[in-house]
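# Take this sequence and fold it.
(one chain, ligands or ions: 1)
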Amino acid sequence: MSEEHHDCCAHHSHHHELVIDSLQVRYRNTLALDGVSFATSCGNRVALVGPNGAGKSTLLKAIAGLVPRSGGTISWRRTAVKRWSREFAYLPQREEVDWSFPITVRGLVEMGRYPQTGIFGRFGDADHAAVENALQSLDLLDLQKRQIRELSGGQQQRAFLARAIAQEAHVLLLDEPFTGLDRNASRQLGDLLERLAHEGRLVVASHHDLATVPKLFDEALLLKTRPIAFGTAEEALSAKNLDRAFGHITDAEDRAAPQLVTSDL
Ligand SMILES: Nc1ncnc2c1ncn2[C@@H]1O[C@H](COP(=O)(O)OP(=O)(O)OP(=O)(O)O)[C@@H](O)[C@H]1O
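I've put the predicted structure just below:
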């Protein structure tokens with residue numbers, strides 16, 4: 001990896017690197033996000049939590065510049081992000097990816113360089129080095145010639161993360177990265193995200209399983225179109241906040257164990 005991520009957290013401690021202010025996103029008839037503000041920095045893993053339709057995917061896409069925002073601002077390292085930034089890498093939900101698309105792992109990772117080279121551009125030494133480094137860092141050298149459709153779910157996640165690393169993005173926007181992974185693959189991905197954050201990246205991921213948020217993430221944004229709470233995973237996901245986000249749980253038994261119930265909503 002280049003030197004650049006080492007200085008990632010060496011900014012003034014009072015200033016956050018990613019600042020989202022009053023973000024609003026409207027689809028034709030739907031207000032998907034409103035008044036969303038939060039700020040965080042590299043080194044953190046932030047979980048986006050909320051019921052179905054809360055706007056988690058929309059928030060990731062809005063930060064990635066994939067859906068237009070109807071209000072608010074996003075800034076990265078004190079600079080307003082207008083549309084798209086190479087600093088942001090977005091990994092769609094598994095179902096949104098066409099896994100039959102014929103591309104090798106290496107080919108996918110090389111796509112991380114397109115913002116620098118252009119699709120028909122020539123790969124220079126720096127591009128090759130970045131691809132090599134990303135493959136190695138995510139332990140994909142042995143799999144680099146495989147088609148992505150021939151990988152396991154966990155390997156596929158790693159290949160997409162390798163593309164983000166090749167892009168030299170600092171902000172990893174992941175939509176439900178743990179969904180569909182078995183226990184081992186989940187643990188591996190958990191360790192990997194911890195390492196990437198530790199190396200100076202910012203991980204922002206939607207996540208459905210409330211029970212694992214404190215273990216897998218440092219901070220959580222509880223969302224239901226509007227932000228309900230943002231803070232450490234424990235703070236943000238207090239019983240009271242969860243109740244506000246997921247609505248009233250009428251069954252007395254469910255009330256006793258809201259975390260288990262709400263994770264299945
Ligand atoms: N392309 C779109 N066009 C119109 N409305 C949309 C579109 N995408 C999402 N929405 C609506 O915006 C709202 C937020 O959707 P979003 O997918 O961001 O929620 P989510 O929290 O990711 O949900 P889930 O947990 O089900 O994945 C929902 O009401 C949804 O129906």
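# Quick one: the helices in the stretch 1-150 of the chain, in order.
56-64, 105-111, 114-117, 125-137 (DSSP state H, counting those that start in this stretch).
# residues from the stretch 51-200 of the chain in reach of the ligand?
Taking CB under 6 Å from any ligand atom as the contact definition, the stretch 51-200 of the chain meets the ligand at 52-58. Yep, even glycine has a C-beta here, placed from its N, CA and C like the rest.
# Out of the helices of the stretch 1-150 of the chain, flag the one nearest residue 203.
Among the helices of the stretch 1-150 of the chain, helix 56-64 comes nearest to residue 203, with 11.4 Å by CB to CB.
# can I get the residues of the stretch 51-200 of the chain next to the ligand in JSON lines with neighbour count and pLDDT?
Below are these laid out as JSON lines (neighbours: other CB atoms under 10 Å; pLDDT from 0 to 100):
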{"residue": "52", "neighbour count": "7", "pLDDT": "94"}
{"residue": "53", "neighbour count": "12", "pLDDT": "95"}
{"residue": "54", "neighbour count": "22", "pLDDT": "96"}
{"residue": "55", "neighbour count": "26", "pLDDT": "97"}
{"residue": "56", "neighbour count": "25", "pLDDT": "97"}
{"residue": "57", "neighbour count": "20", "pLDDT": "97"}
{"residue": "58", "neighbour count": "25", "pLDDT": "97"}
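# List just the nearest of those to residue 122.
Distances from residue 122 to these, taken by CB to CB, are shortest for residue 57, at 35.2 Å.
# before we move on, the earlier item: biggest separation within the residues of the stretch 51-200 of the chain next to the ligand, which pair?
Maximum distance among those (CB to CB): 12.3 Å, for 52 and 58.
# residue contacts, the closest residue to the ligand within the stretch 101-250 of the chain?
Nearest to the ligand, among the residues of the stretch 101-250 of the chain, is residue 206, at 6.0 Å (CB to the nearest ligand atom). By CB atoms under 8 Å, 6 or more residues apart in numbering, the residues touching residue 206 are 47-49, 56-57, 59-60, 174-176.
# Which residue, other than its chain neighbours, is closest to it?
Distance criterion CB to CB, 6 or more residues apart in numbering; nearest residue to residue 206, sequence neighbours excluded, is residue 56 at 3.8 Å.
# who's in contact with that neighbour?
Counted by CB under 8 Å, 6+ apart, residue 56 has contacts 48-50, 175, 206, 223.
# domain assignment for the protein?
As assigned by automatic domain parsing, the chain contains the domains 1-85+171-265, 88-169.
# Touching the one helix or strand residue 234 maps to from outside, list them.
Using DSSP states H and E, the element containing residue 234 is helix 233-236. In this structure, residues lying in contact with helix 233-236 by CB under 8 Å, 6+ apart are 47, 49, 213-214, 217-222, 229-230.
# What is the nearest of the residues of the stretch 51-200 of the chain next to the ligand to residue 79?
Looking across those and measuring by CB to CB, the closest to residue 79 is residue 58, at 22.9 Å.
# Can you list the low-confidence ranges for the stretch 1-150 of the chain?
1-14 (pLDDT under 70).
# all strands for it, in order.
Listed in chain order, the strands of the stretch 1-150 of the chain (DSSP state E, counting those that start in this stretch) span residues 18-26, 31-40, 45-49, 71-76, 79-80, 88-91.
# I'd like the contacts of helix 233-236 laid out as TSV, including distance to residue 155, secondary structure and neighbour count.
Formatted as TSV, these follow (distance: CB to CB, whole Å; DSSP: H, G, I helix; E, B strand; the rest coil; neighbours: other CB atoms under 10 Å):
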residue	distance to residue 155	secondary structure	neighbour count
47	23	strand	26
49	26	strand	31
213	24	helix	23
214	27	helix	15
217	23	coil	27
218	26	coil	17
219	28	strand	18
220	28	strand	26
221	29	strand	25
222	31	strand	26
229	35	strand	19
230	33	strand	20
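# do stretch 239-246 and the ligand meet at all?
No. Contact of stretch 239-246 with the ligand (CB under 6 Å from any ligand atom) is absent, the minimum separation being 10.7 Å.
# Tell me how far residue 89 lies from residue 46.
15 Å (CB to CB, to the nearest Å).
# What is the burial count for residue 122?
Residue 122 has 7 neighbours, counted by other CB atoms under 10 Å.
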